[in-house]
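J.: Have a look at this prediction, sequence included:
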Amino acid sequence: MKSSVITFPGSNCDRDMDVALKKFGFKNKMVWHADAELPKSDLVVLPGGFSYGDYLRCGSMASKSKIMQSVINFANSGGMVMGICNGFQILVETGLVPGVLLRNKYLEFICKNVFVKINDKKNKYFKNVDNEVLEFHIAHNEGNYFCTNDQLKEIEDNNQIAINYCDENGKIEDQFNPNGSLKNIAGIFNKEKNVLGMMPHPERMIDTSLSGEDGSLFFKNLINNLK
Amino acid sequence: MKISVIITLKKDVLDPQGKVIHQTLDGMGFQDINEVRQGKYFEIDTKETDNDKAKAKVEEMCKKLLANLVIENYKIIDPK
């Protein structure tokens, strides 16, 4: 399986993602934002970081960079595109997934482990994951998911919510919402579910000596689903 | 020609920064404030000399980059 990780000026989780993808069997290529052409890929990842210093709105500049037109075409033709953290912010700015990510409700940069509940398994990202709840890491200032009422209705009708913040038992409540996100949303899909944007970082949970292993579960499962 | 643009958050969008500014002003003794909303201001100096054409271009910029229409409104201020 071939993957591509896009590096924007200010990306800082691109190499972590590269390590994670390779660890679980992907042949990964790093792609520079100013390139026009995407290498042949089964998965494209927009990594975390602070592309363009978060100027204007997080992800807004990166969403207009040269490589993104190829990424958008790839996604629109059914290609798997995953945006993590800043990558999620870039995805909402392209319009590939609905909504926006606002400043965290309590104006704090949040850096901690969280639990997320998988809302939908009828997609290539979470199909066959045995667990209902995963422990991932978040580190962001703008992760407060928001969309209009009409968009929310559409998202819910199409079952586009991927994961919600919850406690370790999968209880989705306000008190387990770290950033004020609408309906505790931590990640969403596009309508066709080939595009996933999420704030948590699975690539930070792949090493038993550094963290938990739920990221390993995620990536192992993902590559099997793509085969 | 210089054209100015003001971007504001839509009414039902939470503005935590505006809220904190409100609270701080309140603490400083400005106690008759109903609400504070924070926005953005741009000055765009363009080579275009035709007023209408320039405004139309800036409107396109607002829609494509300067504002995110899910949460923000834009207002173009007449160059005159």
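T.: Alright, I've got the coordinates.
J.: Can you give me the end-to-end span of stretch A:75-90?
T.: With CA to CA, to the nearest Å as the measure, the ends of stretch A:75-90 fall 13 Å from one another.
J.: And stretch A:76-88, by the same measure?
T.: The straight-line separation of the ends of stretch A:76-88 (CA to CA) is 16 Å.
J.: And it, what's buried?
T.: Neighbour-count burial for stretch A:76-88, counted by 16 or more other CB atoms under 10 Å in any protein chain shown, picks out A:Gly79, A:Met80, A:Val81, A:Met82, A:Gly83, A:Ile84, A:Cys85, A:Asn86, A:Gly87, A:Phe88. The C-beta positions use only the backbone N, C-alpha and C, and glycine is treated the same way.
J.: could you list every residue that touches residue 55?
T.: I'll assume chain A. A:Met61 (CB atoms under 8 Å, 6 or more residues apart in numbering or on different chains).
J.: oops, chain B please
T.: Contacts of B:Lys55 (CB under 8 Å, 6+ apart): B:Ile3, B:Ile76, B:Asp78, B:Pro79.
J.: Including distance to chain A, could those residues go into TSV?
T.: Formatted as TSV, the contacts of B:Lys55 follow (distance: CB to the nearest CB, whole Å):
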residue	distance to chain A
B:Ile3	17
B:Ile76	17
B:Asp78	23
B:Pro79	22
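J.: Now render the residues you listed as CSV, adding neighbour count.
T.: Below are those laid out as CSV (neighbours: other CB atoms under 10 Å in any protein chain shown):
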residue, neighbour count
B:Ile3, 21
B:Ile76, 18
B:Asp78, 8
B:Pro79, 14
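J.: With respect to A:Lys171, which of these is nearest?
T.: Within the contacts of B:Lys55, the smallest distance to A:Lys171 is 47.5 Å, found for B:Ile76 (CB to CB).
J.: residue at max distance from the center of chain B?
T.: B:Gly29 (26.5 Å; CA atoms, centre = their mean).
J.: Give me the phi and psi for that residue.
T.: phi 110, psi 0 (degrees, to the nearest 10).
J.: Longest helix in chain A, please.
T.: Counting residues, the longest helix found in chain A (DSSP state H) is helix A:214-226.
J.: still on that earlier bit, which one of the contacts of B:Lys55 is nearest B:Leu9?
T.: Closest approach between the contacts of B:Lys55 and B:Leu9, by CB to CB: B:Ile76, at 17.2 Å.
J.: Against A:Lys112, how distant is A:Gly170?
T.: A:Gly170 sits 18 Å away from A:Lys112, taking CB to CB, to the nearest Å as the criterion.
J.: Kindly report the same for A:His33.
T.: From A:His33 to A:Lys112 the distance is 29 Å (CB to CB).
J.: again, but for A:Leu43
T.: Applying CB to CB to A:Leu43 and A:Lys112 gives a distance of 27 Å.
J.: In terms of neighbours, single out the busier of these two.
T.: Neighbours around A:Leu43 and A:Lys112, counted as other CB atoms under 10 Å in any protein chain shown, are more numerous at A:Leu43. The numbers are 22 against 8.
J.: Residues in a beta bridge with that one, which ones?
T.: As for beta bridges, A:Leu43 partners with A:Ser3, A:Met80 under DSSP bridges.
J.: residue ranges of the helices in chain B, please?
T.: Going by DSSP H, chain B shows helices at B:16-27, B:51-61.
J.: okay if I get those as CSV plus distance to A:Phe189?
T.: Output for the helices of chain B, formatted as CSV (distance: least, CB to CB, whole Å):
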stretch, distance to A:Phe189
helix B:16-27, 27
helix B:51-61, 30
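J.: looking at the ones you listed, which one has the lowest mean pLDDT?
T.: In terms of average pLDDT, helix B:16-27 trails the rest of the helices of chain B, at a mean of 91.
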